[in-house]
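>>> Model the structure of this input:
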Amino acid sequence: MVAAEEVVELVVDYLEGTPAKLLKTSATLTGSSAAVLVPLRIAAGVLMIHHGSEGGIWPANSGSDGFEGFVEYIVKPYFYFLPGSPAVWSAVHDYIEFWGGVLVALGLFTRPVSALLFVTMLGAVYFHLASTGVQGFPLGHVENYSYNFEEPTLYACIFLMFAVLGAGPLSADEKLYANIVEGLDNE
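Presented below is the predicted three-dimensional model:
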């Protein structure tokens, strides 16, 4: 029979191992190496909020020209293979970008949210490559000097980095992690 103390120890070991580590910045980054993540995280999050507010101040502004245009000209022709309503997928996209941007900027649940944003950006890369191609990349130049797939590709790389490394210092994740570990150590 397992004693109560052993059960508590097993639970503490589990929490210190898996879920709590989801909040911790990678141990390979410390000091100024980790500090550079802060402005990048905040900038990427704040800029992503704008992407998620298609056609208004809040996400999923159904009925607005921006939202309906996204449904009609992006989701329907390029993501026709997704099950369900294109408007629902458009709203999901907007909510992930808007609220995901808020959470990344705050550094709250950064790893799982960044993973969602990474997948969303992969969808954006797919759309731009499917609609305009590589546009002469890497050495060619387009008339308007704007490669459509560059921005979502860069965002995808940034969010993949945060999904792997975590939020960095000055984040809600670091505070939560410290409180969880400190609370467990006191038991």
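>>> which ones are touching residue 59?
52, 53, 91, 94, 95, 97, 98, 99 (CB atoms under 8 Å, 6 or more residues apart in numbering). Using the backbone N, CA and C atoms, a C-beta is placed for each residue, glycine as well.
>>> quick one: which of those residues is nearest to residue 128?
When those are ranked by distance to residue 128 (CB to CB), residue 97 comes first, at 15.3 Å.
>>> distance of the closest one from residue 124?
9 Å (CB to CB, to the nearest Å).
>>> Looking at the two, which has the bigger crowd around it?
residue 97 (25 against 20; other CB atoms under 10 Å).
>>> How many residues are close by the closest residue to the more buried one other than its chain neighbours?
Leaving aside its chain neighbours, residue 97 sits nearest to residue 52 (3.0 Å; criterion: CB to CB, 6 or more residues apart in numbering). As a burial measure, residue 52 scores 21 neighbours (other CB under 10 Å).
>>> I'd say residue 52 and residue 91 touch.
No - here residue 52 does not reach residue 91: they are 10.2 Å apart, not a contact under CB atoms under 8 Å.
>>> Please pull up the helix or strand immediately following the helix or strand bottoming out on mean pLDDT in the chain.
Ranking every helix and strand in the chain by mean pLDDT, DSSP states H and E puts helix 4-17 at the bottom, with a mean of 57. For helix 4-17, the following helix or strand on the C-terminal side (DSSP states H and E) is helix 31-35.
>>> tell me, what residue is most central in the protein?
Centroid-nearest residue in the chain: residue 114, 2.5 Å away (criterion: CA atoms, centre = their mean).
>>> all helices of the protein, in order?
For the chain, the helices defined by DSSP state H cover 4-17, 31-35, 37-51, 65-70, 76-78, 86-106, 110-132, 150-165, 172-185.
>>> Could you tell me the angle between the longest one and helix 150-165?
Computed by axes from the mean of the first three to the mean of the last three CA atoms, to 10 degrees, the angle separating helix 110-132 from helix 150-165 equals 160 degrees.
>>> Could I get the CA-only coordinates of helix 110-132 as PDB?
Presented in PDB, the C-alpha positions along helix 110-132 are these (Å, rounded to 0.1, in the frame of the first residue of the first chain):
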ATOM      1  CA  THR A 110       3.400  31.300 -24.300                       C
ATOM      2  CA  ARG A 111       4.400  27.800 -25.400                       C
ATOM      3  CA  PRO A 112       1.000  26.300 -26.300                       C
ATOM      4  CA  VAL A 113      -0.300  29.600 -27.600                       C
ATOM      5  CA  SER A 114       2.800  30.100 -29.800                       C
ATOM      6  CA  ALA A 115       2.300  26.500 -31.100                       C
ATOM      7  CA  LEU A 116      -1.300  27.500 -32.200                       C
ATOM      8  CA  LEU A 117       0.000  30.700 -33.800                       C
ATOM      9  CA  PHE A 118       2.800  28.800 -35.500                       C
ATOM     10  CA  VAL A 119       0.100  26.500 -37.100                       C
ATOM     11  CA  THR A 120      -2.000  29.500 -38.100                       C
ATOM     12  CA  MET A 121       1.100  31.200 -39.700                       C
ATOM     13  CA  LEU A 122       1.800  27.900 -41.600                       C
ATOM     14  CA  GLY A 123      -1.700  28.300 -43.000                       C
ATOM     15  CA  ALA A 124      -0.900  31.900 -44.000                       C
ATOM     16  CA  VAL A 125       2.300  30.800 -45.700                       C
ATOM     17  CA  TYR A 126       0.400  28.100 -47.600                       C
ATOM     18  CA  PHE A 127      -2.200  30.700 -48.700                       C
ATOM     19  CA  HIS A 128       0.300  33.200 -50.000                       C
ATOM     20  CA  LEU A 129       2.400  30.600 -51.800                       C
ATOM     21  CA  ALA A 130      -0.800  29.000 -53.300                       C
ATOM     22  CA  SER A 131      -2.200  32.400 -54.400                       C
ATOM     23  CA  THR A 132       1.000  34.200 -55.600                       C
END
